[in-house]
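Visitor: One predicted model, sequence on top.
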Amino acid sequence: MMAEDFKGSNILLVEDEETLAVGLEYNLTEEGYLVKWAKNGREAVGFFEKDKFDLIILDIMLPYLNGFEVAERIRKTDPQIPILMLTAKTESGDRVKGLEKGADDYLTKPFHLHELLLRVKGMLKRKNWYKRSYENQPVYKFGINEINFETLTCWHGKVEIRLTPQEAVLLKYLVERKGEIVSRKELLENVWHLNPEVETRTVDIFIGRLRKYFEADPANPIYFKSIRGAGYIFEQ
Amino acid sequence: MRGKHSLFYHILIFILAQLVWLSLLGIWIYWYVSNYIVFEKVGEEVSPQLIYDVQNALPFVLGLILLIGLSLITSLIFRHLNVQLRLTKLYDNFIGNVTHELKSPLSSIQLYLETLKQRDVPLEKRKEFIDMMMKDADRLQSLINSILEISAQEKKRLFQDYQVYQADLFVKELIEESFLKFRVGKESYRITGEAPCQIVAGKDAMKVVFDNLVDNAVKYSVQKVQIIVSLSCNSKKITILFTDFGIGIAAKEHKKIFGKFYRIYNKEIPNVKGTGLGLYRVKEIIRAHSGKITVASEGDARGASFKIELPAYSELSKRKLKKLLKTERYN
């Protein structure tokens, strides 16, 4: 369990359950990350405004401001910081809400330590890959859509859209493989850095969101097409 | 989503009920109007006076009864459905809260076990982790107990080890244990008054009462926790006044807070965790002791005072005493 190049990354841990937070802080510190622990939503926003972080681990049920509200506030000022939501809620509606409010990934409680650390590492890795990637081609256009991968701002005609980092990474991955069929398994492994057996619904939720942003008729997509039994294809 | 569907079905049922009601009304009007002419013709031929009275009065009275009956039934059905809807909503919230309350300590225990298995943790840290796990195990146990005991309590099958105690010693001992459990320091509470009388009480049950009151005072205090407990007694009863200086409870919620699954929402301190069973359990326990609990609060960050009144030992009837002090296990 080595953090490789990511040692020294700053992580904001937002968790009000003391026993869980102490254990998480210990493990993340052992991996070489620098951890700051916020005990409630209000404190988390305060820390975020003062310090610079590379990743946020965010519980949903928090005093004062809940995880959704914290994610929403953070996204207004920083569209790129990766947010991993921890939730005891299992309803898919809550997961979708979390992702809509700006989380990039979620983990349901109780979780395995190994899985959490892999996700944290995966998110930091993605953040770095993405940063390198957009430096070569910061702006991309298709149809009436224009995407700035650096600022995560897009235009669908005259409508402005802000992408979350996870949406941007997925979009970038599909754009770089234009015309190729990309399977859900491949997306989970390379975009989410997850075991493909874990949760295939995640990919569908994100593709659905890209269609909503960039397709004139999301029910009949022309750019982000589904290939039955195979996956997705981005065509222009 | 479930809530929205329930609402939709309830409105649909209400509309259907109204349609049935209006159809019946229509049929009645149709029947009355069409028969009026027949009655009138037959009546004129057979017995003008008799038919005149009957056809005017009887259908009218019957119709009126039918209409009132239908209105009442429709209102009752709708009221019942609304109550059901509210209960379903409360129950859904309860399930959500309990899921959270169960999963959080479980996640923590799993995290520490995996940490101890995968890492070479120094001895001092090991001890700290074990303490954390025990704390979580206690939390799980207390939540599971509260759910199981409520069901037993409602069926009046919960065993309590009732004994006769010296009131003030008993209350002081239990309440100080609760303060210790919820980390309320000596500087944050004061116990005043004397209650030199005897009461009959179940120690474990009364511990649940004080744990809940202290836990609520801690959870619903925005500033530093401050609690005053006043004791007094007379020949008839012992009174425990538990006052905190938290966010307070609005007047409209004074009764509701003792309801099952009910939880207060306050924008000053949102997202407070809990199951909505605490004060319901407290009320049931005090009731089982033949006592009474009420709350007084001006709301609006002015704190709350819970008044518990328990009958003095000498005031309990022989029958009640026999019932309370019976020590055999029911379930």
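Guide: It's in.

Visitor: burial of residue 155, as a residue count?
Guide: I'll assume chain A. Each residue near residue A:155 was counted by other CB atoms under 10 Å in any protein chain shown, and the total is 14. To be clear about C-beta, it is placed using only N, CA and C from the backbone, and glycine gets the same treatment.

Visitor: Correction: the question concerned chain B.
Guide: Other residues near residue B:155 come to 10 when the count uses other CB under 10 Å.

Visitor: just the helices in chain A please.
Guide: Counting by DSSP state H, one finds helices in chain A at the ranges A:18-30, A:41-50, A:67-77, A:92-100, A:113-136, A:165-176, A:184-190, A:201-214.

Visitor: Could you tell me the least trusted of these?
Guide: Lowest mean pLDDT of the helices of chain A: helix A:92-100, a mean of 75.

Visitor: what's the angle from that helix to helix A:165-176?
Guide: With axes from the mean of the first three to the mean of the last three CA atoms, to 10 degrees as the basis, helix A:92-100 and helix A:165-176 are set at 80 degrees to each other.

Visitor: Can you show me the CA trace of helix A:92-100 as PDB?
Guide: Extracted in PDB, the C-alpha atoms of helix A:92-100 (Å, rounded to 0.1, in the frame of the first residue of the first chain):
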ATOM      1  CA  SER A  92     -29.400   4.900  -5.400                       C
ATOM      2  CA  GLY A  93     -31.200   8.300  -5.200                       C
ATOM      3  CA  ASP A  94     -28.700   9.500  -2.600                       C
ATOM      4  CA  ARG A  95     -25.700   8.300  -4.600                       C
ATOM      5  CA  VAL A  96     -27.100  10.100  -7.700                       C
ATOM      6  CA  LYS A  97     -27.700  13.200  -5.600                       C
ATOM      7  CA  GLY A  98     -24.100  13.100  -4.300                       C
ATOM      8  CA  LEU A  99     -22.700  12.800  -7.800                       C
ATOM      9  CA  GLU A 100     -25.000  15.600  -9.000                       C
END
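
Visitor: need the longest helix for chain B.
Guide: helix B:48-118.

Visitor: elements contacting the helix or strand following that helix?
Guide: Sequence order places helix B:123-154 as the next helix or strand after helix B:48-118, per DSSP states H and E. If you count contacts as 3 or more CB pairs under 8 Å, 6 or more residues apart in numbering or on different chains; DSSP states H and E, helix B:123-154 packs onto helix A:18-30, helix B:48-118, helix B:278-288.

Visitor: one step back: report the angle between the longest helix of chain B and helix B:123-154.
Guide: Using the same axes, to 10 degrees: helix B:48-118 against helix B:123-154 is 160 degrees.

Visitor: Distance from the chain centre to helix B:48-118, please.
Guide: 17 Å (CA atoms, centre = their mean, to the nearest Å).

Visitor: Just want the angle from it to helix A:113-136.
Guide: Angle of helix B:48-118 versus helix A:113-136, following the same axes, to 10 degrees, is 90 degrees.

Visitor: For helix B:48-118, give the mean pLDDT please.
Guide: Mean predicted confidence for helix B:48-118 is 81.

Visitor: helices and strands around it, which ones?
Guide: Here helix B:48-118 is seen to pack against helix A:18-30, helix A:113-136, helix B:2-45, helix B:123-154 when contacts are counted using 3+ CB pairs under 8 Å, 6+ apart.

Visitor: ok so, going back, and the helices of chain A as JSON lines, adding distance to chain B?
Guide: Shown next, in JSON lines, are the helices of chain A (distance: least, CB to the nearest CB, whole Å):
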{"stretch": "helix A:18-30", "distance to chain B": "4"}
{"stretch": "helix A:41-50", "distance to chain B": "8"}
{"stretch": "helix A:67-77", "distance to chain B": "9"}
{"stretch": "helix A:92-100", "distance to chain B": "6"}
{"stretch": "helix A:113-136", "distance to chain B": "4"}
{"stretch": "helix A:165-176", "distance to chain B": "23"}
{"stretch": "helix A:184-190", "distance to chain B": "23"}
{"stretch": "helix A:201-214", "distance to chain B": "16"}
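
Visitor: okay if I get those as JSON lines plus mean neighbour count?
Guide: Shown next, in JSON lines, are those (neighbours: other CB atoms under 10 Å in any protein chain shown):
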{"stretch": "helix A:18-30", "mean neighbour count": "20"}
{"stretch": "helix A:41-50", "mean neighbour count": "18"}
{"stretch": "helix A:67-77", "mean neighbour count": "20"}
{"stretch": "helix A:92-100", "mean neighbour count": "17"}
{"stretch": "helix A:113-136", "mean neighbour count": "17"}
{"stretch": "helix A:165-176", "mean neighbour count": "22"}
{"stretch": "helix A:184-190", "mean neighbour count": "17"}
{"stretch": "helix A:201-214", "mean neighbour count": "18"}
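
Visitor: With distance to residue B:87 added, can I get those helices in CSV?
Guide: Listed next are those as CSV, based on distance: least, CB to CB, whole Å:
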stretch, distance to residue B:87
helix A:18-30, 32
helix A:41-50, 30
helix A:67-77, 27
helix A:92-100, 21
helix A:113-136, 38
helix A:165-176, 39
helix A:184-190, 41
helix A:201-214, 32
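
Visitor: Quick check: closest non-adjacent residue to residue 226.
Guide: Went with chain A since none was named. Closest residue to residue A:226 apart from its sequence neighbours, by CB to CB, 6 or more residues apart in numbering or on different chains: residue A:232 at 5.9 Å.

Visitor: that answer is for a different chain, and I need it for chain B
Guide: residue B:245 (4.5 Å).

Visitor: ok, the one you found to chain A distance?
Guide: Taking CB to the nearest CB, to the nearest Å as the criterion, residue B:245 is separated from chain A by 18 Å.

Visitor: Am I right that that residue is in contact with residue B:305?
Guide: No: between residue B:245 and residue B:305 there is no contact under CB atoms under 8 Å: 10.2 Å.

Visitor: Could you list the low-pLDDT ranges of the stretch 151-300 of chain B?
Guide: Filtered on pLDDT under 70, the stretch 151-300 of chain B yields the residue ranges B:156-159.

Visitor: which residues does the residue positioned nearest the centre of chain A contact?
Guide: What sits nearest the mean C-alpha location of chain A, by CA atoms, centre = their mean, is residue A:104, with 1.7 Å. By CB atoms under 8 Å, 6 or more residues apart in numbering or on different chains, the contact list for residue A:104 reads A:82, A:83, A:84, A:123, A:164, A:165, A:166.

Visitor: Give me the phi and psi angles of residue B:292.
Guide: Backbone torsions of residue B:292, given as degrees, to the nearest 10, read phi -150, psi 140.

Visitor: That one pairs with what?
Guide: Bridge pairing for residue B:292 (DSSP bridges) gives the partners residue B:309.

Visitor: isn't it right next to residue B:286, touching?
Guide: Yes: Residue B:292 is within contact range of residue B:286, at 6.6 Å (criterion: CB under 8 Å).

Visitor: between these two, what contacts are shared?
Guide: Common neighbours of residue B:292 and residue B:286 (criterion: CB under 8 Å, 6+ apart): residue B:308.

Visitor: out of the two, which sits in the busier spot?
Guide: residue B:286 (22 against 15).

Visitor: follow-up on the earlier one: nearest spatial neighbour of the residue nearest to the centre of chain A, chain-adjacent residues omitted?
Guide: residue A:166 (3.6 Å).

Visitor: That neighbour reaches residue A:105, doesn't it?
Guide: Yes: in this structure residue A:166 lies within contact range of residue A:105 using CB under 8 Å: 6.7 Å.

Visitor: Now the common contact residues for those two.
Guide: Common neighbours of residue A:166 and residue A:105 (CB under 8 Å, 6+ apart) are A:82, A:192.

Visitor: Close to chain A: what parts of the stretch 151-300 of chain B are there?
Guide: Taking CB under 8 Å from any CB of the partner chain, the part of the stretch 151-300 of chain B that reaches chain A is made up of B:269, B:270, B:271, B:272, B:273.
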